[in-house]
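Chemist: sequence below, structure please.
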Amino acid sequence: MTAETNNQVLYYASRASIENIKGHLINQGKADLLERVVFKNTYVFTGKKTYYNYLIKIFIAALINTRIALFAKKDTYLIYNFNNIISLFPLNLVSKLFNKKILMCCHAELEALMIPSSKKRWNFRAQDSFFKNSKISESMNFLVFGDSILDNLSKILPEKKMLHFKAITHPYFLADVSLEDLSKENLGGKDAIKIGIAGILDQNKGLNNLLELVKLLKPTMDQGLVEIYTISRLKFDKKIVLDLGVKIYNTENKFYSRQEYLNAIHQMNYIYLPYDRDRYKLTASGAVFEGIFSKKPILALRNDYFDFLFNTYGNFGYLHETNEELASTIVNAANNKSQNDLFDLKFPEIKERLHPSFLAYDFNNIINTSYLAPNL
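Modeler: Residues are numbered from 1 along each chain as shown. Take a look at the predicted model:
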């Protein structure tokens, strides 16, 4: 988005990330933007996925982030697309001492602000201390991806700290996957509507809601009118869902590639997001965007973030207060197949409005109004 509205961008990343970005731009017909970007490789620590290697990785990344800020020209602005919590304190100090203009993008780590301190790991306690107690540099700001997130943050953080937070809709696009390339395979019974569960499913993210919903739908499922599939890799005993008639699409329980994952979603009629109503208060949901990209209506319980998206783009599925209401909607859809096509005309418009090119000027306006860049 930065390159859309600025003539010179310096992009620091790993070699793999740089090649990925270049490929996306070329596939999107945006190769001309490459002329505005200077790419610089940075070191990324690799090793086995252990806790100690994780610590080494984030501390090295924090050092690199700080070094980039220290040596950046004073009249430039720095955008960090990932909030490495360890970077917060040194970057804030650099911003104060040298008036470096910094915008930090925040993601799921903000959810930890809602957890009692006694239940947090040390890094999230450090994040609490930074946002609630530290004096933040006037030239350091933070970006969240949805107005609902900004509203919920304002209930947690002091008003003075909220002056440093800005919001934009989460951009989303897939340059390397086309709907035309996805599987046309017919899945399951021809008379059944297929409901796929996108995203992570575990005891903390929706499993209890799924089990309750399936019990409510059992008569309809027994008639062969509804089939529910898990898609992502399961981290619990699959017998828990199989015994209730839920089908497992990912039978090998492997990590799916992007193509495999979207192939699975493409074979569904609906995408079910089983999250509790108190989830996604301070972060965006990637799974909902995958449903939009695949033109699949969403089935979910209401939460602040889903309400925000529906209020912004109009209905592209069904949100309900309870699992009973959700089950009733699914039964109606099973008995009225034409209902599945009600949202087809919505998806192209939503996808266009989520594209980074569409949001580029909003992003540039945030930079201008955040006193980050004097001469953009």
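
Chemist: only C-alpha atoms for contact and neighbour calcs from this point on.
Modeler: OK.

Chemist: got the domain ranges for this protein?
Modeler: For the chain, automatic domain parsing gives the domain ranges 43-171+355-369, 179-353.

Chemist: quick one: the longest one to chain centroid distance?
Modeler: I take that to be domain 179-353. Domain 179-353 has its C-alpha centroid displaced from the chain centroid by 16 Å (C-alpha atoms, centre = their mean, to the nearest Å).

Chemist: do stretch 136-156 as well
Modeler: Taking C-alpha atoms, centre = their mean, one finds the center of stretch 136-156 at 16 Å from the center of the full chain.

Chemist: got the buried residues for that stretch?
Modeler: Residues of stretch 136-156 classed as buried: 136-150, 153-154 (neighbour count, 16 or more other C-alpha atoms under 10 Å).

Chemist: and that stretch, how far apart are its ends?
Modeler: Using C-alpha to C-alpha, to the nearest Å, the end-to-end distance of stretch 136-156 comes to 16 Å.

Chemist: just stretch 107-126 next, same as before
Modeler: Where stretch 107-126 begins and where it ends lie 16 Å apart, using C-alpha to C-alpha.

Chemist: which of the residues in that stretch are buried?
Modeler: Buried residues in stretch 107-126 (16+ other C-alpha under 10 Å): 107, 109, 110, 111, 112, 113, 124, 125, 126.

Chemist: of the residues you listed, just say which sits nearest to residue 303.
Modeler: For the buried residues of stretch 107-126, the residue nearest residue 303 by C-alpha to C-alpha is residue 111; the value is 14.0 Å.

Chemist: show me what contacts that closest one?
Modeler: 280, 281, 282, 283 (C-alpha atoms under 8 Å, 6 or more residues apart in numbering).

Chemist: residue closest to the middle of the protein?
Modeler: residue 286 (3.4 Å; C-alpha atoms, centre = their mean).

Chemist: would you agree residue 92 is in contact with residue 137?
Modeler: Yes: contact criterion C-alpha atoms under 8 Å: residue 92 and residue 137 qualify, at 5.9 Å.

Chemist: any idea how many residues pack against residue 134?
Modeler: 13 (other C-alpha atoms under 10 Å).

Chemist: hang on, I meant residue 291
Modeler: Using other C-alpha under 10 Å: residue 291 sits among 25 other residues.

Chemist: spatially nearest residue to it, not counting backbone neighbours?
Modeler: residue 271 (6.2 Å; C-alpha to C-alpha, 6 or more residues apart in numbering).

Chemist: name the SS class of that neighbour, please.
Modeler: strand (DSSP: H, G, I helix; E, B strand; the rest coil).

Chemist: so who does it touch?
Modeler: Residue 271 sits next to 195, 196, 197, 198, 265, 291, 296, 297, 298, 299 when contact means C-alpha under 8 Å, 6+ apart.

Chemist: switch the residues you listed over to CSV; also include pLDDT, secondary structure and distance to residue 1.
Modeler: Shown next, in CSV, are these (pLDDT from 0 to 100; DSSP: H, G, I helix; E, B strand; the rest coil; distance: C-alpha to C-alpha, whole Å):
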residue, pLDDT, secondary structure, distance to residue 1
195, 95, strand, 34
196, 95, strand, 32
197, 94, strand, 31
198, 86, coil, 27
265, 90, helix, 27
291, 90, helix, 23
296, 92, coil, 26
297, 94, coil, 28
298, 95, strand, 27
299, 96, strand, 30
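
Chemist: columns distance to residue 66 on top of those, output as TSV?
Modeler: Shown next, in TSV, are those (distance: C-alpha to C-alpha, whole Å):
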residue	distance to residue 66
195	46
196	43
197	40
198	37
265	40
291	37
296	42
297	43
298	41
299	43
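
Chemist: contacting residues around residue 161?
Modeler: Applying C-alpha under 8 Å, 6+ apart, the residues near residue 161 are 131, 132, 136.

Chemist: residue with max distance from the center of this protein?
Modeler: residue 223 (35.9 Å).

Chemist: for that one, give me phi and psi.
Modeler: Per-residue torsions, residue 223: phi -80, psi 0 (degrees, to the nearest 10).

Chemist: confirm residue 300 sits in a helix?
Modeler: No: counting by three-state DSSP, residue 300 is not found in a helix; it is strand.

Chemist: ranges for the helices of the stretch 101-250 of the chain?
Modeler: Shown for the stretch 101-250 of the chain, the helices assigned by DSSP state H, counting those that start in this stretch span residues 122-133, 147-153, 159-162, 207-222, 239-242.
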